[in-house]
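> Sharing a model prediction with you, sequence too.
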Amino acid sequence: MSSSLPDPVRSAEGTAAAPPSHRSREADGPAAALAMEGPAVSPAPVIAAAAPPARRSWAPLLQATPLGLVLLFFFVFPLLATGVVSLWNYTEYSLVPDVTGRNYVEMFEGCGDLSNGLCTTFRTYISTLRLCGMVWAITLLLGFTVAYFLCFHVRSDSVRMGLFLLCTAPFLTSNVIRMISWIPLLGREGAVNQFLVGAGLADAPQDWLLFSPFSVVLAFVHLYTLFVVVPVFNSMMRIDHRLLEAARDAGASGWQTLWHVVVPLAKPGIVIGSIFVIVLVMGDFVTIGVMGGQQIASVGKIIQVQMSYLQFPAAAAQAVVLLALVLIIIAIMTKLVDIRREL
Amino acid sequence: MVGQPEIADLYGTTTLRPSVAKARGAIEFAAVTKRFPGGAIAVDALDLRIRAGSYVCLLGPSGCGKTTTLRLLAGHENPTSGDILLDDHPIVGLPPARRGTAMMFQSYALFPHLSVLDNVAFSLRMRGVGKSERHAKAAEALRLVELDSFAARLPAQLSGGQQQRVALARALVTNPATLLLDEPLSALDPFLRGRVRAELKRFQRELQISFVHVTHSQDEALALADLVVLMRAGRIEQQGTPEELFDRPRTAFVARFMGGHNVFALADGGQIAVRSDRTQIGAAGLPATVVGVEYTGTGFAVALAGTAGEEYSVALTEAALHARPVEPGQSVSLAWDQADIRPLADAAGPS
């Protein structure tokens, strides 16, 4: 992802130089007569800012090279390869280098005809998007609340740090172990069902607790809430607490302060957290597989199945479409909020 | 508050002629104490009366309780005991926006994501004033501070002085009876500070509301205030007009804090203050050694050390110094006229 974003330093310079600069302090004192001359005074600092540095240094470029190479070989090349392979042909036993639209055509075969309902591909994408939407909404709500609590309710820095580390505790074990741990809790004979039946709250063990959309969403929320907490917390910590007081002084209620001051200023963190969650959930097949009892369709699952049948070109085409969809979602979100401010 | 004129009346003209001639913002603190949960007493049984339409400076070193006093008035802190009245209405317990106060925060606390116009209109928006109406009023307030052409800018695109005026417009847009200013000039460079200071004073006079201004700079207080309240450890050390505070300090703390004074210990254990421009370098008197001579533009400041290392300062005119030059290292004697002696209460300690 990072390579597709514009260079933050360069664009920050661009925005700074764009409005006619009134920054020189002498130019705008309390006497507005002076201040309004702003545009006339401004060209000098703008030109100064745009002038190239006297000595061009290669050190920063050199420092960025190792990561650049890693990204080139392990991110850009595989991605290009996926794009190329998605145009290849294949038989039961071989891949045929080619330029064909077959994989894309087959993916959307029958999708034009709505008389039999939606085609499998559309239904799978819609169910994946719906799942993603639910997980996104819940993680966002939880993550924002946790970050808000840590940021504005916890007074002492050491307590805040302690609670923050506590949030990361689930990550001390592996993803798989965390998912498997849900089984003794949510299974037919699991702790929750035993309690429900024992307490007379249910006549029989509940099946929707495990291997169901519920358990998938639960596992995702458990896995990914922290990915929202961290960037939102980071954004919120930059909010000057005097702004909240200024809002209160202006007559804002708690909710008004939240909506008009905290949320807008935490937006970059909200968007970054949302990107994490959406990217991770849209491409997932392990969590959906394990927690959904291999019963729930998802785009990631389709790709995995095609790979297991060695239909690499079909899987690659599917991956390209998924990537495009996720990129569109991210593009819309970054259009709404300028996250470069955060970087 | 009840019976206050609509804001549109107040800002009907950019020359700031209030429609009500009556000054507003009479404040009374009655035995107000603020004790923080840790047990620290920030404000200790404070009694203070502020006349309507006056400019008050709460002055003192950091930790003296001046900011807490301001926050008690603004409603951002609640007193542990005591009562606060604004224009004869008790305001303790009321939310900040219902008190008739408006606060201008240190470093302004402008909302960075809102335009200048929306910053100024914020409080009106919170009160549910419609968009066109609140924008018209905000534009009016911006015209008042001569920033109407900057309405669409973000705060980060303004200079410090402009941000300060936006904060002022934001505070005045609700037509408060008293404006509370927390170190409003500390973020400005010295050149701007003087001009903004004069502007604040002009606004206060023309609006006829009271300004309560917290500062640690005695220069600011002397230049602006009708009433200077010098605080120390949660109590009022001395209050009065700037002249009273500067010329007639009652304790050594006041004399030292206001500056421009020498505090001399008397043989009987008492202390007196003598202004440095009234302290004379003569042939007989208190022995002292010249440590340095600084040119101040209007004259010279001679730094001296007493026999036990006490620091003294004598302000001399150019003519006086040239008539009787002094050199660092020279032994001299300090003297003063009987009329210039200000006896100090023994409550004084080292500052």
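Thanks, I have the structure now. Numbering: from 1, shown residues only, chains lettered A, B, ... in the order given.
> B:P112: what's its closest spatial neighbour, skipping adjacent residues?
B:P155 (5.7 Å; Cβ to Cβ, 6 or more residues apart in numbering or on different chains). In this view, the C-beta of every residue, glycine as well, is placed from N, C-alpha and C.
> And the one you found, how far from chain A?
To chain A, B:P155 is 11 Å away according to Cβ to the nearest Cβ, to the nearest Å.
> so who does that residue touch?
With contact taken as Cβ atoms under 8 Å, 6 or more residues apart in numbering or on different chains, B:P155 is in contact with B:108, B:110-112, B:114, B:116, B:119, B:163, B:166.
> For the residues you listed, could you give me CSV that also reports distance to A:N103 and neighbour count?
Formatted as CSV, the contacts of B:P155 follow (distance: Cβ to Cβ, whole Å; neighbours: other Cβ atoms under 10 Å in any protein chain shown):
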residue, distance to A:N103, neighbour count
B:Y108, 59, 23
B:L110, 55, 25
B:F111, 51, 21
B:P112, 49, 17
B:L114, 50, 18
B:V116, 55, 27
B:N119, 54, 29
B:Q163, 58, 22
B:V166, 58, 24
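> where do the helices sit along the stretch 1-150 of chain A?
In the stretch 1-150 of chain A, the segments counted as helices under DSSP state H, counting those that start in this stretch are A:8-17, A:32-35, A:38-41, A:43-50, A:59-71, A:77-85, A:102-107, A:120-148.
> tell me the average confidence for the second one?
Meaning helix A:32-35. Here helix A:32-35 scores 38 as its mean pLDDT.
> sorry, back to before: need phi/psi at the residue nearest to B:P112.
phi -50, psi -40 (degrees, to the nearest 10).
> Any regions of chain B where pLDDT drops low?
B:1-21, B:346-351 (pLDDT under 70).
> Tell me how it divides into domains.
Following automatic domain parsing, chain B resolves into domains at B:7-246, B:255-344.
> which intervals of chain A have sub-threshold pLDDT?
A:1-56, A:339-343.
> Just give me the residue closest to the centre of it.
A:I275 (1.5 Å; Cα atoms, centre = their mean).
> Could you tell me whether that one really is in a helix?
Yes - assignment of A:I275 by DSSP: H, G, I helix; E, B strand; the rest coil places it within a helix.
> Might you report the residue contacts of residue 276?
Answering for chain A, as no chain was given. Shown in contact with A:F276 (Cβ under 8 Å, 6+ apart): A:224, A:227-228, A:231.
> that's the wrong chain, I meant chain B
By Cβ under 8 Å, 6+ apart, the neighbours of B:S276 are B:260-262, B:301, B:312-315.
> Apart from its chain neighbours, what residue comes closest to A:P205?
A:P205 sits nearest to A:N193 (Cβ to Cβ, 6+ apart), 4.1 Å away.
> same check, this time on B:A301
B:E294 (4.6 Å).
> quick one: that neighbour and B:A303 touch, right?
Yes - assessed by Cβ atoms under 8 Å, B:E294 is found in contact with B:A303 at 7.2 Å.
> Which of these two has more residues huddled nearby?
Per other Cβ atoms under 10 Å in any protein chain shown, whichever of B:E294 and B:A303 has more neighbours is B:A303, with 17 against 10.
> Which strands border the helix or strand containing the more buried one, and is each parallel or antiparallel?
B:A303 is part of strand B:300-306 when elements are defined by DSSP states H and E. Partners of strand B:300-306 in the sheet, by DSSP bridges, are strand B:286-295 (antiparallel), strand B:311-316 (antiparallel).
> Out of these, which is the most enclosed?
Most buried of those by mean neighbour count (mean count of other Cβ atoms under 10 Å in any protein chain shown) is strand B:311-316; its value is a mean of 20.
> After that one, which helix or strand is next? Please name it.
helix B:318-323.
> So which bits of that next one are buried?
B:320-321 (16 or more other Cβ atoms under 10 Å in any protein chain shown).
> partners of the helix or strand following that helix, with directions?
Downstream of helix B:318-323, the next assigned helix or strand under DSSP H and E is strand B:331-335. With DSSP bridges as the test, strand B:331-335 is paired with strand B:280-282 (antiparallel), strand B:286-295 (antiparallel).
> May I see those arranged in TSV, with distance to B:A23 as well?
Shown next, in TSV, are the strands paired with strand B:331-335 (distance: least, Cβ to Cβ, whole Å):
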stretch	distance to B:A23
strand B:280-282	44
strand B:286-295	43
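> So which of the ones you listed is nearest A:I296?
Distance to A:I296, taken as Cβ to Cβ, is lowest for strand B:286-295 among those, at 82.6 Å.
> And the contacts of that closest one?
So strand B:286-295 is contacted by B:264, B:300-307, B:312, B:321, B:326-335 (Cβ under 8 Å, 6+ apart).
> please redo it, this time with the cut-off set to 6 Å
B:300-307, B:312, B:326, B:328, B:330-334 (Cβ atoms under 6 Å, 6 or more residues apart in numbering or on different chains).
> From those residues, pick the one nearest chain A.
B:A301 (29.3 Å; Cβ to the nearest Cβ).
> Just give me how far stretch A:71-78 sits from the chain centre.
21 Å (Cα atoms, centre = their mean, to the nearest Å).
> quick one: the helices in the stretch 151-300 of chain B?
B:160-172, B:190-207, B:218-224, B:242-247, B:252-258.
> closest to A:Y148 out of those?
helix B:160-172 (25.0 Å).
> And the closest one, what does it pack against?
Secondary-structure packing of helix B:160-172 (3 or more Cβ pairs under 6 Å, 6 or more residues apart in numbering or on different chains; DSSP states H and E): strand B:101-104, helix B:116-126, helix B:131-144.
> any idea how far B:A221 lies from B:R197?
11 Å (Cβ to Cβ, to the nearest Å).
> Next: A:E106.
Taking Cβ to Cβ, one finds A:E106 at 77 Å from B:R197.
> which of these two has more neighbours?
A count of neighbours by other Cβ under 10 Å puts B:R197 above the other of A:E106 and B:R197, at 19 against 14.
> OK, contacts around the more buried one?
Contacts of B:R197 by Cβ under 6 Å, 6+ apart are B:A223.
> sorry, back to before: of all the contacts of A:F276, which comes closest to chain B?
Distances from chain B to those, taken by Cβ to the nearest Cβ, are shortest for A:P231, at 17.1 Å.
> doesn't A:G273 make contact with that closest one?
Yes - between A:P231 and A:G273 there is a contact at 4.6 Å, judged by Cβ atoms under 6 Å.
> The two - which one has more neighbours?
For the pair A:P231 and A:G273, the greater number of neighbours falls to A:G273 (29 against 23), based on other Cβ under 10 Å.
> ok, and the closest non-adjacent residue to that one?
A:G273 sits nearest to A:V228 (Cβ to Cβ, 6+ apart), 3.5 Å away.
> same thing with B:G53?
Closest to B:G53 by Cβ to Cβ, 6+ apart is B:A23, at 2.7 Å.
> The one you found belongs to a strand, doesn't it?
No - B:A23: not assigned to a strand; according to three-state DSSP it is coil.
> Report the contact partners of it.
Per Cβ under 6 Å, 6+ apart, neighbours of B:A23: B:52-53, B:208.
> Kindly tell me how buried A:W58 is, as a neighbour count.
Using other Cβ under 10 Å, A:W58 is surrounded by 7 other residues.
> what sits against it?
Applying Cβ under 6 Å, 6+ apart, no residues qualify as near A:W58.
> Neighbour-wise, give me the winner out of the contacts of B:A23.
B:G53 (20 neighbours).
> about what we covered before: sort out which of the contacts of strand B:286-295 are buried, if you could.
By 16+ other Cβ under 10 Å, the contacts of strand B:286-295 give B:300-304, B:306, B:312, B:326, B:332, B:334 as buried.
> between those, which is closest to B:E237?
B:Y312 (22.2 Å).
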